[in-house]
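In: Pasting the sequence and the predicted model now:
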Amino acid sequence: MFGPVNRWLPAFALALLASLSIWFQRSEHPGMLDDTDTRVLLAKVRERGDPLSWFTGDWPLENHFYRPVSTLAFELDNALYGDWAPGYGRTQALIAMICVWLLFWFLRELTDRPSLAALGSSLFALWVTDDSVALVPWVRWLVWIAVMAALFRSLRERAEPRWFGVALVWGAWVQFGSELAGQYALHGRNVAWLPGRTATVMTVFALIALASYARYERLRQAAWQRESPAPFQPTDPPATRTTRLDRLPKRPALWLIPSVMGLLLALASYEQAVMVPACLLGVAIVFRWQGAKPRWPVQALFWGGLALYVVLRMQWVPSEPSGYQQQQFRSSTNVALDLLETLLPSLRQVWPMAQSLDLGVEGFFFGGGMLALAALAANVLALIALGKRWPLAIGALALAWLAYLPMAWLKLFEHYHFWPMAMRSLYVIVLGWAAIEATISAGSPRALKAPPRPNPAPGSLPRP
């Protein structure tokens, strides 16, 4: 129905439609400008009157952060809207919408699957508006319907039931329902709170860097396959048939330019961007897991950009921690737990489960221990159910973990999770895909075994 190019149009239309929910739920309350941080920030911007000066010094709040690019977004709003709060709210929503569109581009380049790109970016849009919670009750019904259907089909065969297959169905659907709601609420700190713009502006440029690099590797791999075709097989299409490979650009390396520029602009927007080079390396590893051959020396460009940022930051911003930074730092077991929970959310239940064990058997069953154990089992079974889809799912999960890594040492604010949850959206969609396939597999008839071959076979010559 759709050609090689047009097949992406309906997919992007879905992401675009989902992003409109952010616009319709934007904040235009006059109180947006009364927040302490916002009031001080705008006062400093108006007092300075020199937008480019932010590139060689501390940002307006003067708490030892280098954020000239995200500060320019406030400079622009101040010039356009002054004290008109709805204008600031519209810019805030538009930046978040752009993140949804850029996430679609990144997932398109990473997966080359319209469905994954559309569903992943659409899910992220629902997370930004906190609307995904409404989907969870429906998934809970699907859990029981899928499990009962798989169990009924298994028992009907009058053979040994496929209990492990049914368990995979249960675990995949339970974990998918848990992940679908989103780990954190994003709307308040990223759309309704103006200083959260630092995280969303940084995410815009981080996604540009990631998508451009993924496109470079994908096009380079396709060009390499065109120049070094696989040996001819009888089932290959005729050589006269045209393919998309004939329309590839001759210089995929040009995509490294927006990738490096996106990295530098992200670093100049928010400190969390120090993990962009690590995520770019993670993208290369995901391509390698899928059989591609990334060009590893290219990674030196990204780490060199990070080194340049560190040098410039040390020259322009005080290196000693500010009073605000000292208040936000934390070093305790909470850091390790947060990092572990980013990979396995069910680990949140380990502490209640340990407490219930102190109360004996009754405490374990009725004090939450059994529920915690079930959550952990569902998490592990869901990972097993991924099967051959693990490169994309585990890769997305690793990117989310890397994106959050430096923020774990700070007191929790939801805008720390804006970029990580954008990365996590692919993991959740692939998990739903695995749940559907596990249900189909568990509910399908068993494969019939061929009857044993007689020895000697009929018609064979007798052996001496």
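Out: Nice, I can see it.

In: switch to C-alpha atoms for all contacts and neighbour counts from now on
Out: OK.

In: Lowest-scoring secondary structure element of the protein by mean pLDDT?
Out: When the helices and strands of the chain are scored by mean pLDDT, DSSP states H and E, helix 360-366 comes last with a mean of 56.

In: would you put the C-alpha positions of the next helix or strand after that helix in PDB?
Out: Note on helix 360-366: by DSSP states H and E, the next helix or strand toward the C-terminus is helix 369-385. C-alpha atoms of helix 369-385 as PDB (Å, rounded to 0.1, in the frame of the first residue of the first chain):
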ATOM      1  CA  GLY A 369       6.300 -10.100  50.600                       C
ATOM      2  CA  MET A 370       4.400 -12.300  48.200                       C
ATOM      3  CA  LEU A 371       3.500  -9.400  46.000                       C
ATOM      4  CA  ALA A 372       7.100  -8.300  45.900                       C
ATOM      5  CA  LEU A 373       8.300 -11.700  44.900                       C
ATOM      6  CA  ALA A 374       5.600 -11.900  42.200                       C
ATOM      7  CA  ALA A 375       6.800  -8.500  40.800                       C
ATOM      8  CA  LEU A 376      10.400  -9.600  40.800                       C
ATOM      9  CA  ALA A 377       9.400 -12.900  39.000                       C
ATOM     10  CA  ALA A 378       7.400 -11.000  36.400                       C
ATOM     11  CA  ASN A 379      10.300  -8.700  35.700                       C
ATOM     12  CA  VAL A 380      12.700 -11.600  35.200                       C
ATOM     13  CA  LEU A 381      10.200 -13.600  33.000                       C
ATOM     14  CA  ALA A 382       9.600 -10.500  30.900                       C
ATOM     15  CA  LEU A 383      13.300 -10.200  30.100                       C
ATOM     16  CA  ILE A 384      13.300 -13.900  29.100                       C
ATOM     17  CA  ALA A 385      10.300 -13.400  26.900                       C
END
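
In: Packing partners of helix 369-385?
Out: helix 163-180, helix 350-357, helix 418-443 (3 or more Cα pairs under 8 Å, 6 or more residues apart in numbering; DSSP states H and E).

In: now the angle between helix 163-180 and it, please.
Out: Here helix 369-385 points in a direction 100 degrees away from that of helix 163-180 (axes from the mean of the first three to the mean of the last three Cα atoms, to 10 degrees).

In: Walk me through the domains of this structure.
Out: As assigned by automatic domain parsing, the chain contains the domains 1-130+186-227+251-318, 136-184+330-445.

In: distance between the longest one and the chain's centre?
Out: For domain 1-130+186-227+251-318, the distance from its own C-alpha centre to the chain's C-alpha centre is 13 Å (Cα atoms, centre = their mean, to the nearest Å).

In: on that earlier part again, got the domains of the chain as CSV, with mean neighbour count and distance to residue 324 columns?
Out: Shown next, in CSV, are those (neighbours: other Cα atoms under 10 Å; distance: least, Cα to Cα, whole Å):
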stretch, mean neighbour count, distance to residue 324
domain 1-130+186-227+251-318, 20, 6
domain 136-184+330-445, 19, 11
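
In: and those, which one's lowest on average pLDDT?
Out: Among the domains of the chain, domain 136-184+330-445 has the lowest mean pLDDT, at a mean of 79.
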